[in-house]
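Participant: sequence first, then the predicted structure, then my questions.
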4 protein chains.
Amino acid sequence: MTIILGDNQYGKAETHLVRVTRNGESHEIKDLVVSIALAGDFEASHIAGDNTKVVPTDTQKNTVFAFAKEAPVGESEEFGIRLARHFAAGFESVRRARVTIEEHEWSRVGVGGRPHPHAFASAGAEKRLAMVTSTKDAAWVVSGLRDLVLLKSTGSEFWGYPKDRYTTLEETRDRVLSTGVFARWRCGRLDVDWAMAFTRARTALIEAFAAKHSLALQQTLYAMGSAALEACSDIAEIRLSLTNRHHFAVDLRPFGLDNENEVFYASDRPYGLIEGTVTRDDAPEPGLAW
Amino acid sequence: MTIILGDNQYGKAETHLVRVTRNGESHEIKDLVVSIALAGDFEASHIAGDNTKVVPTDTQKNTVFAFAKEAPVGESEEFGIRLARHFAAGFESVRRARVTIEEHEWSRVGVGGRPHPHAFASAGAEKRLAMVTSTKDAAWVVSGLRDLVLLKSTGSEFWGYPKDRYTTLEETRDRVLSTGVFARWRCGRLDVDWAMAFTRARTALIEAFAAKHSLALQQTLYAMGSAALEACSDIAEIRLSLTNRHHFAVDLRPFGLDNENEVFYASDRPYGLIEGTVTRDDAPEPGLAW
Amino acid sequence: MTIILGDNQYGKAETHLVRVTRNGESHEIKDLVVSIALAGDFEASHIAGDNTKVVPTDTQKNTVFAFAKEAPVGESEEFGIRLARHFAAGFESVRRARVTIEEHEWSRVGVGGRPHPHAFASAGAEKRLAMVTSTKDAAWVVSGLRDLVLLKSTGSEFWGYPKDRYTTLEETRDRVLSTGVFARWRCGRLDVDWAMAFTRARTALIEAFAAKHSLALQQTLYAMGSAALEACSDIAEIRLSLTNRHHFAVDLRPFGLDNENEVFYASDRPYGLIEGTVTRDDAPEPGLAW
Amino acid sequence: MTIILGDNQYGKAETHLVRVTRNGESHEIKDLVVSIALAGDFEASHIAGDNTKVVPTDTQKNTVFAFAKEAPVGESEEFGIRLARHFAAGFESVRRARVTIEEHEWSRVGVGGRPHPHAFASAGAEKRLAMVTSTKDAAWVVSGLRDLVLLKSTGSEFWGYPKDRYTTLEETRDRVLSTGVFARWRCGRLDVDWAMAFTRARTALIEAFAAKHSLALQQTLYAMGSAALEACSDIAEIRLSLTNRHHFAVDLRPFGLDNENEVFYASDRPYGLIEGTVTRDDAPEPGLAW
């Protein structure tokens, strides 16, 4: 028996960059958390502690900050492409660079009804995502979002499921449906209008959740994924991970009260987790995208 | 030497209630996390395990859910007053009941440009707060918010401070100022339009942060507190706790680049914490409000 | 009506210091998160942005690091006394300095059964606490701990409580009792063997929790507080905040199974929160300790 | 273009089970968070909301609790095998069941130097992991741990790396090395003494971290993985994900002080992330283990 090194990668995680763009009085800000992972010819570092080919993670961090100055950051996907290509192309030892970006949105503050030139408020907990993978020859982009939380107070049913000896759940024709959305979609090309694709996909996801009468969160997932594909022709495939955030109607009968789906206890754990991929039948090969 | 029992209280914390109000097709939702703390004649439980006077925390939880059905929840302050009075008035042993409510906001989803009757999206991480304290005779209300996060990309200076042997900070005439706001304000009366007071105070806090040219976060705090008092005559006193979320301009000179306050590293820890109270000179006595 | 500034303080929060002491080959480490809050004559900064008297929070951070080099850190209480006195005595404008320290424990790693000279493993989530408050003339020390989590699988009852129309809880003679302990105690003197006092108080809290047959978490709280006072004569007063982490026996009857307090669902929220002070009748005045 | 459903799975996540085993006076506890994910023939639910084949996640939760009563839980791997096989074998529609268990450890409390029969203290933040994947014919087991945090105050170097225009990091022959360990290992068989395998692997990981003089965290990773394989012949492959928790020596020269690697600032973000697999050259095929 011999012990051998298998797959490996390394990099700097969660470099928190805030980039201010000053157009005279009026400022714009981009708030990005950037993580980098490099794979390649790093066996000597593992076996012998020989770092001749190891680009320091500190250098990776510096590169994020320098790149933010050297050219406009643009959309997260574009910044990710620049960074991933830099590491894949610039270092012989790097076979594959992956850059993952979480973007935090800020909204401009209004003062007396007019937008303020340089004051902003955090726009919430939702994050926009971009993940770019680059080799020396090619690159792949995955976009997405996480922590979009949605709720329908009706328009959701759950019945017709199999019963076994451990089943106690009552069938229902009316329940609260609430989900935390983690969505990632792959575009088959690199020359995409990323901002427009994001807006279209996000809007489609939300509208499908709202509009689809739901017999199962799986059905809602499929409707959401399909809507994103239909709304944006650049998207080849979408992967959705939806938590089912249970809201239990409280039994008020002991207090002489009816609860006609008005009073709910929102539970933290356990929760359902529904995951699925929706794709086009003619989607291009994913390559190293995921 | 004798060992004695001092101040004490107990209750159920973080009951998570979601209340759906069905106006025909169109629904409204309130999402509240309710914590209750009772103080009073509970010495026997501590000394002897005699629970004759101890209202179970499970009953407190049930009461939250039942009250949400028995009458409209209304504003969080109103729901808190109902609950706090119930415990203070309804149980001989309870000398003082405190109900603290964190409200999570949801915004109605639009589909095809029209508001959907029963679909909602989480409105972000910011929470609205209400804290009601009631004795058998009187009640006090504190309102507030937390996790409102603001940022100014310019319009902030910091200089003129004392230097000692441990000082290395450079004075600056231009920095990013970002803060997480925890604000609580006390109204001197109980017959307040709570929703309007909240909106006015919140707007005043945000606009003052944006509009005030800042020489210190302390100065901004005072401006924010003053603005809230001026915007809402019902507010007698406001307490602000502002984190100073440091954004450090990255030194890009090693890379042959200037950084004219464009590229920042956002740091998690340590952070500044600036706390202060702004009040009217003729404010009524706080009583047990805090 | 005039608007005025009330109580205020400011400082640097959560400076994370790791201090390595090298005794030849054998190292010791202290891992402290230090927060500083200064109160005093800071009105000019609030009103006019005049920082002449404002010791920068950056200087406070530097002072923490420099002090860790200039003399042995010692116990957290001693380090806190040094720092708090420095700010209160060294700056005319500072009327009261408060230093709060959270200590994270590491345990030495063994290799082949022998303690390693410089390798350590994190000892868990529990934190040791020290809070020192100093004026120009006097100082007060509070010690404590948080996130000590305890559980008894029997030896706990809850019955005899009042019932009203919202009560559904069944009385029980046997339940799981689990609590997260937040404890702070005040010593009446400054020349205390802090390490020994901590060990005695912590041991007393744990042993009392375990040994006391519980009719109410309030009763357990009082027993824990009393035990700490009895175990350590330096402690004048102890304040306890105990969460009641509910473990519900799962109803297994639908599956044809009995549950004789063997299978529990551990719930996150809501939870009970029981708070109380236990003190000596001849305890010295607390002054500014809390 | 046609839209089609790709890979999918669903299940109940984070069912928090506490199992008390009563051996007369002396109790044992197991504290497990169990997550289940089923893959199979669930297309009708996605496309048409037809739940005929969808085992409700509520039933999955019930099954966890019932199984904890029907037979001894045993090691997490054993409980996972029972559960995963139940779903894979018991439901025609389930092609593959995966059960992931996080175990929280408790240590028995001592009172007066003797172990207490039914009182326990939380043993820390570290979690033991088991992940079992089962089809109708076969099963695979991955064991592991997360949130084991280690630190060496010396015995770590980093130098010899490539420099480019974005490199500012100074080479060092002495630094603090601290890591949060996420480790998962695959055994090639199912008849393993899981408790012994866990103890051996964990001990090997910790001792290798301590004993290996480190020229790179990659080298330490490989040494840790190799040590686990050597310590336990049942382990075919181990995957390690190690954070590099940076500790920066504070520059004390402005204060006239030398810092000979004694005073460190512990940074939260960014951090390094080093990931690698160490395996035997004759390891059996992983199948669906991961």
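Facilitator: Cool, got the structure. Just so it is clear, the model here is predicted, and its values are computed rather than measured. Residues are numbered from 1 along each chain as shown, chains lettered A, B, ... in the order given.

Participant: quick one: contacts for the residue of the stretch 151-290 of chain A at minimum distance from chain D?
Facilitator: Of all residues in the stretch 151-290 of chain A, the one sitting closest to chain D is A:Leu215 (2.7 Å; CB to the nearest CB). (Glycine included, C-beta is placed from N, CA and C.) Residues in contact with A:Leu215 (CB atoms under 8 Å, 6 or more residues apart in numbering or on different chains) are A:Glu157, A:Phe158, A:Trp159, A:Gly160, D:Ala48, D:Gly49, D:Asp50, D:Asn51.

Participant: now do A:Phe209
Facilitator: Taking CB under 8 Å, 6+ apart, we find A:Phe209 in contact with A:Leu150, A:Lys152, A:Thr179, A:Val181, A:Thr220, A:Ala223, A:Met224, B:Val109, B:Ala119.

Participant: so which of those sit within strands?
Facilitator: In strands, defined here by DSSP state E, the members of the contacts of A:Phe209 are A:Leu150, A:Lys152, A:Thr179, A:Val181, B:Val109, B:Ala119.

Participant: confidence score at the fifth one?
Facilitator: It refers to B:Val109. If you check B:Val109, the pLDDT there is 97.

Participant: just the strands in the stretch 101-250 of chain A please.
Facilitator: Counting by DSSP state E, counting those that start in this stretch, one finds strands in the stretch 101-250 of chain A at the ranges A:114-134, A:139-152, A:177-187, A:235-244, A:247-249.

Participant: and the shortest one, which residues are buried?
Facilitator: By neighbour count, and taking 16 or more other CB atoms under 10 Å in any protein chain shown as the criterion, the buried residues in strand A:247-249 are A:His247, A:Ala249.

Participant: how far off centre is that strand?
Facilitator: Distance of strand A:247-249 from its chain centroid, counting by CA atoms, centre = their mean, to the nearest Å, is 28 Å.

Participant: which elements pack onto it?
Facilitator: Packing partners of strand A:247-249 (3 or more CB pairs under 8 Å, 6 or more residues apart in numbering or on different chains; DSSP states H and E): strand A:263-266.

Participant: so the strand it packs on, near chain D or not?
Facilitator: No: using CB under 8 Å from any CB of the partner chain, strand A:263-266 never reaches chain D; the gap is at least 14.9 Å.

Participant: for that strand, C-alpha coordinates in CSV please.
Facilitator: Extracted in CSV, the C-alpha atoms of strand A:263-266 (Å, rounded to 0.1, in the frame of the first residue of the first chain):
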residue,chain,number,x,y,z
VAL,A,263,-52.1,32.0,13.7
PHE,A,264,-48.9,30.2,13.0
TYR,A,265,-45.8,29.1,14.9
ALA,A,266,-42.7,29.5,12.7
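
Participant: picking that back up, so which of the ones in strands among the contacts of A:Phe209 comes closest to A:Asn261?
Facilitator: Closest to A:Asn261 out of the ones in strands among the contacts of A:Phe209 is A:Lys152 (11.7 Å), distances taken as CB to CB.

Participant: wait, that closest one sits on A:Leu177?
Facilitator: Yes: A:Lys152 lies in contact with A:Leu177 (CB atoms under 8 Å); the separation is 4.7 Å.

Participant: identify the contacts common to those two.
Facilitator: In terms of CB under 8 Å, 6+ apart, A:Lys152 and A:Leu177 are both contacted by the residues A:Ser214.

Participant: so where's chain A uncertain?
Facilitator: The model of chain A has no residue with pLDDT under 70.

Participant: longest helix in it, please.
Facilitator: The longest helix of chain A (DSSP state H) is helix A:194-211.

Participant: what residues of that helix count as buried?
Facilitator: Here helix A:194-211 shows A:194, A:197-198, A:200-211 as buried, counting by 16+ other CB under 10 Å.

Participant: and which of the residues you listed is nearest to chain C?
Facilitator: A:Phe209 (25.5 Å).

Participant: compute the first-to-last residue distance for stretch A:237-253.
Facilitator: Distance between the two ends of stretch A:237-253: 48 Å, counting by CA to CA, to the nearest Å.

Participant: let me fix that: stretch A:256-263
Facilitator: 14 Å.

Participant: centre of the chain to it, how far?
Facilitator: 37 Å.

Participant: do the same with stretch A:193-205
Facilitator: Average the C-alpha atoms of stretch A:193-205, do the same for its chain, and the two points are 13 Å apart (CA atoms, centre = their mean).

Participant: ok, is that stretch in contact with chain D or not?
Facilitator: No: using CB under 8 Å from any CB, stretch A:193-205 never reaches chain D; the gap is at least 12.4 Å.

Participant: and for stretch A:122-129?
Facilitator: No: judged by CB under 8 Å from any CB, stretch A:122-129 and chain D are separated, with a smallest distance of 15.0 Å.

Participant: just the CA atoms of that stretch, as PDB, please.
Facilitator: C-alpha atoms of stretch A:122-129 as PDB (Å, rounded to 0.1, in the frame of the first residue of the first chain):
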ATOM      1  CA  SER A 122     -27.900  48.000   3.300                       C
ATOM      2  CA  ALA A 123     -30.500  46.500   1.100                       C
ATOM      3  CA  GLY A 124     -31.000  43.300   3.100                       C
ATOM      4  CA  ALA A 125     -29.800  39.800   3.700                       C
ATOM      5  CA  GLU A 126     -30.100  38.500   0.100                       C
ATOM      6  CA  LYS A 127     -26.800  38.000  -1.700                       C
ATOM      7  CA  ARG A 128     -26.100  37.900  -5.400                       C
ATOM      8  CA  LEU A 129     -23.600  35.200  -6.400                       C
END
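
Participant: how about residues contacting that stretch?
Facilitator: Outside stretch A:122-129, the residues touching it (CB under 8 Å, 6+ apart) are A:76, A:100-107, A:142-149, A:184, A:198, B:122-126, B:148-151.

Participant: and the buried ones among the residues you listed, selectable in PyMOL?
Facilitator: A single PyMOL command suffices to select whichever of the contacts of stretch A:122-129 are buried according to 16+ other CB under 10 Å:
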select buried, (chain A and resi 76+100+101+102+103+104+106+142+143+144+145+146+148+149+184+198) or (chain B and resi 122+123+124+125+126+148+149+150+151)
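
Participant: near chain D, which residues of the stretch 151-290 of chain A show up?
Facilitator: Counting by CB under 8 Å from any CB, the stretch 151-290 of chain A sits next to chain D at A:158-164, A:166-169, A:214-219, A:221-222, A:225-226, A:229-230, A:237, A:243-244, A:269-282.

Participant: look up how far D:Met196 lies from the residue in the stretch 151-290 of chain A positioned nearest to chain B.
Facilitator: Proximity of the stretch 151-290 of chain A to chain B (CB to the nearest CB) peaks at A:Ala210, 3.4 Å away. Here A:Ala210 is placed at a distance of 53 Å from D:Met196 (CB to CB, to the nearest Å).

Participant: and if you look at A:Pro254?
Facilitator: Look at A:Pro254 and D:Met196: by CB to CB, they are 51 Å apart.
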